[in-house]
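# below is the sequence, then the predicted model.
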Amino acid sequence: MISISKAFQRLAVALPVGLVLAGAALVMGAQGAGAEGAYGPDTCKQGFVWREAFAGDHVCVTSETRTAAAADNAQAATRTALAKLPYGPDTCKQGFVWREARPGDNVCVTPSVRSQAAADNAQAASRVSPTDQTYGPDTCKQGFVWREAFAGDHVCVIPATRTAAAADNAQAATRKESANFAYGLDTCASGFVWRDARQGDHVCVTPQVRSLTAADNAQADARRASSAVSITTDKAQYRVGDAIRVCYTVPGAGQVTITDFLANGANQVLLDGIDDGTGDCFSGVVVPPTGTECVRLDFFGAVGSFTRQACFQVTY
């Protein structure tokens, strides 16, 4: 065991004089039983909250960052290149206009084709056969065929016009302004980039926000409450008479209990008090009994309950 020479400085508790520890092979950060956070394994350390940039986003960030992520989500639609087009997603490239063979026909064609479509519409009734109803009441006079610019388009036109309409339909997507977007319909407007909080996160944000998001992702594990709870010794094995140093960390302010489990089966509470969230270390000298011994940290605070254990070996 260990005769303690330094009391815990950050705990609201006075240690009895002559507390001892005993030790064995160290298992750093081994988990004992107990809950793992008030909100499950992703519970954040004190001072952090879930980012929630998307459903299930449990990366721990500052509250300001979470607020900013919500604001970016709210403005997402306004920051795309698509949102800047004057006529929405069907805006035509320069040199093209909507065909308007019917209301809502936004296939992009040359101005001359639109004029032809309007002229054909105006002559539609005169091109229907008054006697031949082989294809129903819309059967065309000889020399004309249905235009078929869209489903059910029975305006009668010359065959060349029908062929041209089919070709225009086939090229429709390439004639939209959105076809120039480097990254598809989710391409951001100038000055914005994808946030990339996860794969497929195409919310458009400033480059600074994307960099911050990447940094937050990189620190995600370290900001979880579970990662901030530990108890360690400075070595895995000691001889009787050796100095030993035990350190612990906690995820925030809360109740801390450290129990010493001796090799002979006995145990004693070394510490029971309130830590301000900064953790501490203490030193001592190893004394008998020999064998495998463990020190266990039990923490309970606003972020949840955690148990950690470290073991070490004591020999003569």
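Thanks, I have the structure now. Numbers count the residues shown, from 1 in each chain.
# now the helices for this protein?
63-74, 111-122, 159-170, 207-218 (DSSP state H).
# I'd like these written out as CSV, with distance to residue 234, mean neighbour count and mean pLDDT added.
Every C-beta, even on glycine, is put in place using the N, C-alpha and C of the backbone. Shown next, in CSV, are those (distance: least, Cβ to Cβ, whole Å; neighbours: other Cβ atoms under 10 Å; pLDDT from 0 to 100):
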stretch, distance to residue 234, mean neighbour count, mean pLDDT
helix 63-74, 36, 15, 98
helix 111-122, 82, 15, 98
helix 159-170, 74, 15, 98
helix 207-218, 29, 15, 98
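# would you turn the ones you listed into a markdown table with distance to residue 295?
What follows is those, written out as a markdown table (distance: least, Cβ to Cβ, whole Å):
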| stretch | distance to residue 295 |
| --- | --- |
| helix 63-74 | 35 |
| helix 111-122 | 83 |
| helix 159-170 | 75 |
| helix 207-218 | 32 |
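# look up the residues forming beta bridges with the closest residue to residue 144 other than its chain neighbours.
Once flanking residues are discounted, residue 144 sits nearest to residue 156: 3.9 Å by Cβ to Cβ, 6 or more residues apart in numbering. Taking DSSP bridges as the rule, residue 156 bridges to residue 146.
# can you tell which of the helices of the chain is closest to residue 239?
helix 207-218 (41.5 Å; Cβ to Cβ).
# what's in contact with the closest one?
The contact list for helix 207-218 (Cβ atoms under 8 Å, 6 or more residues apart in numbering) reads 51, 53, 59-61, 65, 68, 72, 193-197, 205.
# what angle sits between that helix and helix 63-74?
120 degrees (axes from the mean of the first three to the mean of the last three Cα atoms, to 10 degrees).
# pull the helix or strand with minimum mean pLDDT from this structure.
strand 30-31 (a mean of 36; mean pLDDT, DSSP states H and E).
# on that earlier part again, among the helices of the chain, which is nearest residue 251?
That would be helix 63-74 among those, by Cβ to Cβ, at 16.5 Å.
# that closest one: how far from the chain's middle?
Here helix 63-74 shows a centroid-to-chain-centroid distance of 13 Å under the convention Cα atoms, centre = their mean, to the nearest Å.
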